[in-house]
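Okay, sequence plus prediction incoming.
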Amino acid sequence: MDFDFNDEQKMLQKGARDFFEKECPKSLVKKMAEDEKGNPPELWQKMAQLGWLGLIYPEQYGGSGGNIIDLVALEEEMGRACLPGAFFSTVLLGGLFVLNAGSEEQKKDLLPKIANGKVVLTLALNELNPNYEAAAIEAEAKIEKDDYVISGTKLFVPDAHIADYIICIARTKKSTKSEDGITAFLVDRKSAGINITVLKTIAGDKLCEVAFDKVKVSKKNIVGKLDQAWVPLVKTLQQVTVARCAEMVGGAQKALEMAADHAKKRVQFDRPIGTFQAIQHIIANAMMDVDASRFLTYEAAWKFGEGLQCAKEIAMAKGWTSEAYQRVTAAGEQVLGGIGYTTDGDMQLYYKRAKAAELTLGDGRFQREALAKELGM
Amino acid sequence: MDFREYVIGEFDTEEQKKFRKEVGEWLDKNVTPELINGTNEVRVTAYIPGAQAFAKKLGEKGWLVPEWPKEYGGAGLPAGSRSIIAEEISTRVLFGPGFLGGLTGGVQGPTIMSAGTPEQKKEWLPKIAAGAQFALGYTEPNAGTDLASLGIRGVKDGSDYIINGSKMFSTGAHFARYHWLAVRTNPELPKHKGVSMIIGDLQAPGVTITQLTTIGGERTNEVFYDNVRVPQTNRIGPEGEGWSIIRMALTAERGDLGTFPWPKILVNDLIQYAKETKRNGKPLSEDPLVRQTLAQLATDVNVLRLYNYRVGWMVDKGLDVSWASSMVKIFESELSQKIANQGMNVMGLYGQLEPGSKYAQLKGNFELAYRAMVVRSFGGGSNLRLRNDIATRGMGLPREPALAIPVKK
């Protein structure tokens, strides 16, 4: 067993760490939480130039041909930096779906544009009953001559308000199996009938309500095949979940380091508070939480990359990491006390992100239920 | 990054394949049904019926310490032979980790090999190779986590030490022949510096062994030394250097630990049980709370597996694994108790039935584990103290200072 990145991945991590320390200071992160758009354009273009927006797309689609472990390495640094903006929505959610489901023409059209920083993309999946299940998809797409007409309300759609295109997951056919009859449509955000409201979130990321009121989409804009979006969507969500776990691991590691550093420096009762056993235990438990999150995530990523069955491992990784990141940041708040509570500090950024990340893509309870099914229960 | 599981034997050379086959054939003849059945219940390896006799047979083949030279009672076999034997045993019998060392001199052997004089190696190593059993003599009534406070005294008299004092929780002292004793030989020196490691004879005059019974069902002992004579030649390492010998022995013990098999077995058994057992008209496995509980336990078992592998990976890289091993130890001991606790809850009232009781579920293993796993939180190191070590050694937190005015005992 080898728990480490290879030399190239380590170089990528080091480069990313240095880059984000310079280009994504916490002042920018805090500014973006209040900013209406939330995707700093200069940072976006610089990441495009570094090849990071196309990191995991094959070279024939304008990408760098990286694999999921490369993505994990980069995502750890993004989590550490609290990177704001459209990487998750565009590169992962939207872009990976196009890679997994799209026609050759669609891949050749969209993926290079993403890699070059020319386009922002997102995917609208969740609705009023947001549980990542096919049965919850009620948004309808009805055929009218050469167009589909989409009606329904999508929620928690990241960066819809700045996206050039929204991939809308809608039901085109009613079937006994709810996974059957789901189609993905590439919709121009500026289409008539689309109404977007940005929601106010704890983590400052831009999640949107996207209301579709009889929005016309050409049937040419079906991403992939009619009625068959669910299978590539599941694969996409697997990759996105692994990436999100890696981002959480990076954030948790940083939160742990901040708590430990504070414990070493802060003096009360004439000694560093890190000499008190209660603090040592909090740190030890957080170390165990971070390491477990990391190893579960790495194993899930490795199995996915090898093309092996990995539903169990992904459920374990997201289930554990969701709750561990929350525990670590809550513990970090406890250790830092007042200075963790005020907004000029940084621990609060991780604390808020951890909670949002826990809820996104299936929390602990969701993942344990998924795992129970995989275990044959 | 690589998470491929090692397949037993996949890296064998031709020589090793042959040896593995030889070992397998011998084991198939010598592993008794009694031995296999005895491991179906959660208990200390040494107490499994037939285990001690089996260890003796292995000792006769030189297979307890196969890589030791023949002059010391080993089989003079090449590196890797011990692993092959351990692996082949593990596929046939569910012994706890460190079977090859735990029962016998797995701790004392490597220590004497490193620190013993040529005469001591000639005297002790063949005995260990043949299966001679040692009980550990570290802990005392007033020296547990604070082991350096140990007070049993060894005073020079002629060519002997005269030993007075007692040891506590000396498991195995009632059937072992030898006592691996940490003794205070120089009380005028600071705590850590006045200790020597002496091999005692548990059958010597003046030794009294008193039984203590644990809720886990295994016997442990208090051992009293009343003017017991031990030859000074039984001292391993220089006088006053006992603390470094203890550390050597603890490292050897840790190296033998490997994976404790029970968490995985118990969780798998519990999942199967939940699928097969109906309550209120439907399988337990359909109860959402049971599903959540079992899925979490299955995840925890995988976390333990990964923590374990990480230690092996660090050892291969030559890194200091003390805090990483402590992580394994803490997590495994607490998980074992959690499994027993939650398993009994899944069973409901049936959970309280002991092995052997009518209506006991899953051989009563969860009830037994609830009692027997308690010791794992402090045996081999208190989890409370180990967490301090993880934070200080693994994350650089400063150590807790000693009290300005120590409490007198």
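Sure, I can see it. Residues are numbered from 1 along each chain as shown, chains lettered A, B, ... in the order given.

which stretches of chain A form helices?
Counting by DSSP state H, chain A has helices at residues A:7-23, A:26-34, A:41-49, A:68-81, A:95-101, A:104-115, A:230-265, A:277-305, A:311-336, A:338-341, A:347-359, A:364-374.

Which residue, other than its chain neighbours, is closest to the closest residue to chain B within the stretch 1-150 of chain A?
Nearest to chain B in the stretch 1-150 of chain A, going by CB to the nearest CB, is residue A:2, at a distance of 4.2 Å. From N, CA and C alone the C-beta is placed, and that goes for glycine too. Closest residue to residue A:2 apart from its sequence neighbours, by CB to CB, 6 or more residues apart in numbering or on different chains: residue B:2 at 4.2 Å.

now do residue A:139
residue A:152 (2.6 Å).

Would you check that that neighbour makes contact with residue A:140?
Yes - contact criterion CB atoms under 8 Å: residue A:152 and residue A:140 qualify, at 6.1 Å.

The two: which has the busier surroundings?
For residue A:152 versus residue A:140, neighbours defined as other CB atoms under 10 Å in any protein chain shown are more numerous around residue A:152 (21 against 15).

Spit out the contact partners of the more buried one.
A:127, A:138, A:139, A:140, A:170, A:212 (CB atoms under 8 Å, 6 or more residues apart in numbering or on different chains).

Could you give the bridge partners of it?
residue A:212 (DSSP bridges).

any idea how far residue A:213 is from it?
Distance of residue A:152 to residue A:213, computed by CB to CB, to the nearest Å: 9 Å.

Could you pull up the contacting residues of the residue located most distally from the centre of chain A?
The outermost residue of chain A relative to its centre, with distances by CA atoms, centre = their mean, is residue A:270 at 43.8 Å. Residues near residue A:270 by CB under 8 Å, 6+ apart: none.

name the helices or strands packed onto the lowest-mean-pLDDT helix or strand in chain A?
When each helix and strand of chain A is scored by mean pLDDT, DSSP states H and E, helix A:338-341 comes last, with a mean of 94. Packing partners of helix A:338-341 (3 or more CB pairs under 8 Å, 6 or more residues apart in numbering or on different chains; DSSP states H and E): helix A:311-336, helix A:347-359.

ok, is the shortest one in contact with chain B or not?
Read that as helix A:347-359. No - Helix A:347-359 does not reach chain B (CB under 8 Å from any CB of the partner chain); its nearest approach is 15.0 Å.

Also the first one?
Yes - for helix A:311-336, a contact with chain B is found by CB under 8 Å from any CB, at A:315, A:316, A:319, A:320.

list the buried ones in that helix?
Residues of helix A:311-336 classed as buried: A:311-329, A:331-333, A:335-336 (neighbour count, 16 or more other CB atoms under 10 Å in any protein chain shown).

all helices of chain B, in order?
Using DSSP H, helices in chain B cover B:14-30, B:33-38, B:51-60, B:81-90, B:99-102, B:108-115, B:118-129, B:242-255, B:262-276, B:288-316, B:322-347, B:365-372, B:383-389, B:395.

Go ahead and confirm residue B:236 touches residue B:113.
No - contact criterion CB under 8 Å: residue B:236 and residue B:113 do not qualify, at 10.5 Å.

more crowded one of the two?
More crowded of residue B:236 and residue B:113, by other CB under 10 Å: residue B:236, with 24 against 19.

Tell me who's in contact with that one.
If you count contacts by CB under 8 Å, 6+ apart, residue B:236 has them with B:111, B:112, B:115, B:116, B:120, B:197, B:198, B:199, B:245.

Hmm, the last one is touching residue B:115, no?
Right, the one you point to is residue B:245. Yes - counting by CB under 8 Å, residue B:115 is a contact partner of residue B:245 at 5.8 Å.

more crowded one of the two?
Using other CB under 10 Å as the criterion, residue B:245 and residue B:115 rank with residue B:245 on top: 24 against 18.

I'd like to know how far that one sits from chain A.
Distance of residue B:245 to chain A, computed by CB to the nearest CB, to the nearest Å: 28 Å.
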